[in-house]
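Undergrad: heads up, no residue letters with this:
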Ligand SMILES: [Cu+2]
């Protein structure tokens, strides 16, 4: 069964990569993604929240992605307001292999509702985002090598992905143009996303179709749900510099509530979109006691990422390369690298890959002889989604992903030799 799925994925992948290459050859001048003509008219009226650039540049929180990224979700106007809704729900069968593997069927979802209007000389906006992930139960879903957060407030989650909170973002924004090319903006969220890291994985096109959370999540974008965020930023042309004060502590195991804000941590980020297809960011965060179970440890986080998006006649390609480093004080200084890519063809086929290399020191629980040891672990994922029908803006699809884990030999007794995993899923996407 596993071999069969794998073979299917690989066949599809290579067939379409070659078909894709042919497309590119036939169209020397690749065109922009095709929006309907009514859409085009509307697009002119739609402004970005924080500055005078295409609204497709804006991703999660106050982060940027390449301008040429396709529109997501459904837009509509009412009086002076423009609204956007966007979301997905997956039902997933998860099979994680090896001695630490486990199985589970669960759902994963995200729903987003945003609005904006002109207000005095600037743009006022709100952003809200919800997830029914808490239905997964407090211990989330099995995911080999994943670490971070807790299910019970006593022991850490190991080889499991924590569920996201019901309230992922409730934020207000305001931006004021200073000239044609520049603006200042403010963002306040409870919860919200501070100016740290690349766009969160479920919001970047290169990562959103992959049902698995990255194992480098807590090196790159784990602050995307933070209870208490204030950000101030300045945009000049294709540059953005911003600073945040936020709560360092990650969300606790009660996933249904809103936690109290605090502003004990700081982050700053520089973003640059030199052309419509590229987006770069570098950021630094001084995070106060992020982990409930290691409350004496502070983390300095460095991240840098490059995202590339390329629309072509019948599809779109996006990829991202990212590096994250956690300097735990006291503790280890640990690096993570991620490369991911997603190709969509004819709005029907999506092929995605992700490669990660992460230094982990939390793979063994307290009391284990290997507790606190650092291991360099690698994971590669290949996946495919087929969206078989579309009703209005709603897409229905089925997909699968397959992952290989390449581990140092010292981990063999715990994990078995290089375990493999897969997920099969059905989804609705708006
Ligand atoms: Cu997360």
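TA: Everything's here; your move. All of these numbers come straight from a predicted model, not from anything done at the bench. Numbering: from 1, shown residues only.

Undergrad: and the residue nearest the centre of the protein?
TA: Centroid-nearest residue in the chain: residue 201, 1.1 Å away (criterion: C-alpha atoms, centre = their mean).

Undergrad: got a pLDDT number for it?
TA: The predicted local distance difference test score for residue 201 is 96.

Undergrad: gap between it and residue 99?
TA: Shown here: residue 201 relative to residue 99, a distance of 27 Å by C-beta to C-beta, to the nearest Å. All C-beta spots, glycine's among them, are computed from the backbone N, C-alpha and C.

Undergrad: same thing with residue 218?
TA: Relative to residue 99, residue 218 is positioned 23 Å away (criterion: C-beta to C-beta).

Undergrad: gap between stretch 317-325 and the chain center?
TA: Using C-alpha atoms, centre = their mean, to the nearest Å, the distance from the centre of stretch 317-325 to the centre of the chain it belongs to is 11 Å.

Undergrad: same question for that stretch: list its buried residues.
TA: 317, 318, 319, 320, 321, 322, 323, 324, 325 (16 or more other C-beta atoms under 10 Å).

Undergrad: what do you get for stretch 51-71?
TA: Of the residues in stretch 51-71, those buried under the neighbour-count criterion (16+ other C-beta under 10 Å) are 51-71.

Undergrad: one more: stretch 112-126?
TA: By neighbour count, with 16+ other C-beta under 10 Å as the criterion, the buried positions of stretch 112-126 are 112, 113, 114, 116, 117, 122, 123, 124, 125, 126.

Undergrad: tell me what whichever strand or helix holds the third one is packed against?
TA: Element membership of residue 114 [criterion: DSSP states H and E] is strand 102-119. Using 3 or more C-beta pairs under 8 Å, 6 or more residues apart in numbering; DSSP states H and E as the contact criterion, the secondary-structure elements in contact with strand 102-119 are strand 81-96, strand 122-130, strand 141-150, strand 167-177.

Undergrad: that strand to strand 141-150, inter-axis angle?
TA: Compare the direction of strand 102-119 with that of strand 141-150 by axes from the mean of the first three to the mean of the last three C-alpha atoms, to 10 degrees and you get 60 degrees.

Undergrad: change the start of the numbering to 320 and stick with it
TA: Noted, 320 is the first residue going forward, which turns the last one into strand 421-438.

Undergrad: I'd like the mean pLDDT over strand 421-438, please.
TA: When pLDDT is averaged along strand 421-438, the result is 96.

Undergrad: same check, this time on stretch 722-730
TA: Per-residue pLDDT values across stretch 722-730 average out to 97.

Undergrad: picking that back up, residue 537 and residue 418 - which one has more neighbours?
TA: When residue 537 is set against residue 418 and neighbours are counted by other C-beta atoms under 10 Å, the residue ahead is residue 537, at 27 against 12.

Undergrad: contacts only, for the nearest residue to the more buried one once chain neighbours are set aside.
TA: Nearest residue to residue 537, sequence neighbours excluded (C-beta to C-beta, 6 or more residues apart in numbering): residue 467, at 4.1 Å. Under the criterion of C-beta atoms under 8 Å, 6 or more residues apart in numbering, the contact list for residue 467 reads 475, 476, 481, 536, 537, 541, 569, 610, 681.

Undergrad: do that again at 10 Å, thanks
TA: Shown in contact with residue 467 (C-beta atoms under 10 Å, 6 or more residues apart in numbering): 475-477, 479-481, 532, 534, 536-538, 541, 569, 609-610, 681.

Undergrad: please flag which of those residues sit within helices.
TA: Of the contacts of residue 467, the ones assigned to helices by DSSP state H are 536, 537, 538.
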